[in-house]
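Colleague: predicted model and sequence follow; I will ask about them next.
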Amino acid sequence: MTLRIPIHPLVLVVLSVAVVFLLHNATFWSHWAEIFHGSLWRGLVFAGAFFLLCCGLVSVFAFNWFLRPLIAILFVLSALTSFYMDQLGIVIDREMIQNVVATTITEGKHLITVPFVLWVGLAGLLPAVLVLFIRLSHRGIVTSIWQNLLAFVLCVVGFVGLIATDLKGNASVLRTRIDLKSSFQPLAPIVETFRYGAMITRSAALEFNEIGLDAVLSENFKASERPKLTVVVVGETARAQNFSLGGYGRMTNPELAQKDIAYFDNVSSCGTSTAVSLPCMFSKFDRVNYSYERGKSHENVLDIIQRAGYRVEWIDNNTGDKGLAARATYSSVTYANDPEFCSEGECLDGILGAEVARRLVDIQSDTVLVLHQIGSHGPSYYLRYPQALERFQPACRTADFSDCTAQEVTNAYDNTIAYTDKVLADLIDLLAMQEGLSTSLIYVSDHGESLGEKGLYLHGAPYFMAPDEQTKVPMLIWMSDGYQSDTGANLECLTAGPTADYSHANLFHTLLGMTGVETSLRDPDLDIFDTCRKTSNG
């Protein structure tokens, strides 16, 4: 039954925006307090301007039959996004909307915690239900149109007028403090959703471009009698700061420390999320020049390697290949029926080594296997490693970080890194035993992770403001003696000098070099061991 006393639709707009403004904007108010510290009047004027802007935008849709469902949706949407903003420091931008769209049920279920359910229920669903029972005063369609438009115009004029009271200062805030704009509910998620939709629409109309049409296998690779097997391991959410190979105080890489590898401790990611970094790192574009549209409309390095004669297969234990293996062989082991590695309903990364072992007997030609890890994906770090291998204790064993201490969260995360260490070391041992193959391996993570530093958790922060914990990733290369002998590569040369600064942009060119693919697209300066290959050849 609806409430007996009817209210004007535009009054409901103002009241609803006020509720969202006050209830769902803790992060916005936190940034606001920092920016306008010591200038309360300026801050109130600025906030008033944004309040009017929101009222104006919602008033356009203030038709009796449409308004209540719209406001109900806004309440729920604002409750959802505000929880992750306030609790985890996540910023809602276009890339975050892209991440949400790409998230699977298996991945997303770990984000649904008891505090999340309580907050969304009380601050989102409850007011949404109440709004649906409000009785609105009747207006004819003509009256509704002119009143709504008048309200919109007045609100926009008010917004401009308030901003103009300190045009220089407010313009500077709007231009430089993207974190403030990105935290404003309900406007930010709505705007970014439209931006994401526009990006998808643009990319769908683009012409697809083949690249590396001149790709051929180099003479020294052709001369080798043994098939080459290059294993590319794409890590997930591993940050360089927690790799003991790079100086971390805890021994998180005890097994890799015993291997003959080249480790690179200053590598920058292309993005702070899988949806961005994964397609970017296999593309010909660096971070500055990469875009979703360019990634979707161009072939990637796997296409070029396959064109040169390799067999390419992608084995996934994550949320998919983001289209990178569209023209190669693809298989997923995320839901494999394997009691050793998948007893918890999600498969541990150890299954990737088992998948490689199964394929070894059938490899008769040059092959690239791409292994996409679940790695250290949070917030349920405790599900990413066998409990029997829990080195650092006590570890946080819940997706709700508020139930754990900062040290317990770090312990759980470090256990995922230690398990990745074992997975990689076991892969290297397996490849080293293949005397009939020339084997090599390269590992690099897609992005890092925040573990509470500066109030941030997980990943996905806009790159301009992302901390090093989200952008610095580990990378390593291993090559068998047979591979080095057959191809002229020299692993020792890689570790002889000081470690250079690299990025995901190096992967495209390094993979071409590791597989011996010659093409005009390969930039020797970006191929990590190009100089070392020349040294070994004299």
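Modeller: That came through, no problem. Residues are numbered from 1 along each chain as shown.

Colleague: in terms of helices and strands, where is residue 155?
Modeller: Per DSSP states H and E: residue 155 is located in helix 141-164.

Colleague: contacts only, for residue 284.
Modeller: Residue 284 is in contact with 211, 298, 300, 301, 508, 521, counting by CB atoms under 8 Å, 6 or more residues apart in numbering. Using the backbone N, CA and C atoms, a C-beta is placed for each residue, glycine as well.

Colleague: ranking those residues by neighbours, who comes first?
Modeller: The most crowded member of those, judged by other CB atoms under 10 Å, is residue 301 (29 neighbours).

Colleague: what about stretch 29-43, how long is it end to end?
Modeller: Chord length of stretch 29-43, first to last residue, is 10 Å (CA to CA, to the nearest Å).

Colleague: next, the buried residues of that stretch.
Modeller: Neighbour-count burial for stretch 29-43, counted by 16 or more other CB atoms under 10 Å, picks out 30, 31, 32, 35, 36, 42, 43.

Colleague: Three-state assignment for the nearest residue to residue 294 once chain neighbours are set aside, please.
Modeller: Distances taken as CB to CB, 6 or more residues apart in numbering place residue 285 nearest to residue 294, at 5.8 Å, with adjacent residues excluded. Under DSSP: H, G, I helix; E, B strand; the rest coil, residue 285 falls in the coil class.

Colleague: report the contact partners of residue 285.
Modeller: 291, 294, 295, 298, 505.

Colleague: ok, 10 Å please
Modeller: Counting by CB atoms under 10 Å, 6 or more residues apart in numbering, residue 285 makes contact with 270, 279, 291, 294, 295, 298, 300, 504, 505, 508.

Colleague: all helices of the stretch 101-250 of the chain, in order?
Modeller: Secondary structure of the stretch 101-250 of the chain (DSSP state H, counting those that start in this stretch): helices at 105-108, 114-120, 126-132, 141-164, 167-176, 178-182, 187-204, 219-223.

Colleague: so which of the ones you listed comes closest to residue 447?
Modeller: helix 105-108 (14.7 Å; CB to CB).

Colleague: from what I can see residue 237 touches residue 384, true?
Modeller: Yes - Residue 237 is in contact with residue 384 according to CB atoms under 10 Å; the separation is 9.0 Å.

Colleague: what sits in contact with each of these two?
Modeller: Here residue 237 and residue 384 share the contacting residues 373, 374, 375, 376, 377, 378, 413, 416, 417, scored by CB under 10 Å, 6+ apart.

Colleague: just the buried ones out of those, please.
Modeller: For these, buried by 16+ other CB under 10 Å: 373, 374, 375, 376, 377, 378, 413, 416, 417.

Colleague: tell me the SS of residue 265?
Modeller: Going by three-state DSSP: residue 265 is strand.

Colleague: go on, residue 330?
Modeller: Reduced to three states by three-state DSSP, residue 330 is strand.

Colleague: so how far is residue 170 from it?
Modeller: Counting by CB to CB, to the nearest Å, the gap from residue 330 to residue 170 is 50 Å.

Colleague: same check on residue 11?
Modeller: Separation of residue 11 from residue 170 (CB to CB): 28 Å.

Colleague: more crowded one of the two?
Modeller: Legend: neighbour count by other CB under 10 Å for residue 11 and residue 170, higher for residue 170 (17 against 13).

Colleague: touching, that one and residue 164? I think so.
Modeller: Yes - using CB under 10 Å, residue 170 is in contact with residue 164, at 8.1 Å.

Colleague: looking at residue 237 and residue 384, which one has more neighbours?
Modeller: Neighbour totals were compared for residue 237 and residue 384, and residue 237 leads with 27 against 24 (other CB under 10 Å).

Colleague: give the contact list for the nearest residue to that one once chain neighbours are set aside.
Modeller: Counting by CB to CB, 6+ apart, the nearest residue to residue 237 once its immediate chain neighbours are dropped is residue 376, at 4.3 Å. Applying CB under 10 Å, 6+ apart, we find residue 376 in contact with 235-239, 242, 349, 384-385, 412-417, 419-420, 445, 448-449.

Colleague: please apply the same query to residue 316.
Modeller: Contacts for residue 316 (CB under 10 Å, 6+ apart) come out as 234, 325, 330-334, 352, 370-374.

Colleague: likewise residue 255?
Modeller: Applying CB under 10 Å, 6+ apart to residue 255 gives the contacts 418, 421, 422, 423, 424, 425, 426, 428, 429.

Colleague: correct me if wrong, but the last one is in a helix.
Modeller: Yes - counting by three-state DSSP, one finds residue 429 located in a helix.

Colleague: check it and give its pLDDT.
Modeller: For residue 429, the pLDDT comes out at 97.

Colleague: residue 259 is in contact with that one, correct?
Modeller: Yes - with contact defined as CB under 10 Å, residue 429 counts as touching residue 259 (8.5 Å).

Colleague: higher neighbour count, these two?
Modeller: More crowded of residue 429 and residue 259, by other CB under 10 Å: residue 259, with 18 against 12.

Colleague: identify the residues contacting the closest residue to that one other than its chain neighbours.
Modeller: Of all residues not flanking residue 259 in the chain, residue 428 sits nearest, at 5.4 Å (CB to CB, 6+ apart). Residue 428 makes contact with 231, 255-256, 258-261, 353, 439, 441, 443, 476, 478, 480, according to CB under 10 Å, 6+ apart.

Colleague: residue 500 too?
Modeller: Applying CB under 10 Å, 6+ apart, we find residue 500 in contact with 264, 266, 267, 494, 506, 528.

Colleague: thinking the last one is in contact with residue 262, fair?
Modeller: Think residue 528. Yes - with contact defined as CB under 10 Å, residue 528 counts as touching residue 262 (8.3 Å).

Colleague: what sits in contact with each of those two?
Modeller: Residues touching both residue 528 and residue 262 (CB under 10 Å, 6+ apart): 442, 475, 477, 494.

Colleague: narrow those residues to those in helices?
Modeller: Residues of the shared contacts of residue 528 and residue 262 located in helices (DSSP state H): residue 494.

Colleague: quick check, nearest of the shared contacts of residue 528 and residue 262 to residue 58?
Modeller: Closest to residue 58, out of all of the shared contacts of residue 528 and residue 262 and judged by CB to CB, is residue 475, at 47.8 Å.

Colleague: isn't that closest one right next to residue 232, touching?
Modeller: No - applying CB under 10 Å, one finds residue 475 not in contact with residue 232, separated by 11.3 Å.

Colleague: shared neighbours of these two, which are they?
Modeller: The contact sets of residue 475 and residue 232 overlap at 442, 443, 444, 507 (CB under 10 Å, 6+ apart).

Colleague: can you show me the strands along the stretch 251-400 of the chain?
Modeller: For the stretch 251-400 of the chain, the strands defined by DSSP state E, counting those that start in this stretch occupy 262-268, 311-316, 329-332, 367-372.

Colleague: so can I have CSV of those strands showing distance to residue 147?
Modeller: Formatted as CSV, the strands of the stretch 251-400 of the chain follow (distance: least, CB to CB, whole Å):
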stretch, distance to residue 147
strand 262-268, 53
strand 311-316, 54
strand 329-332, 54
strand 367-372, 54
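
Colleague: please consider this matter closed, and thank you.
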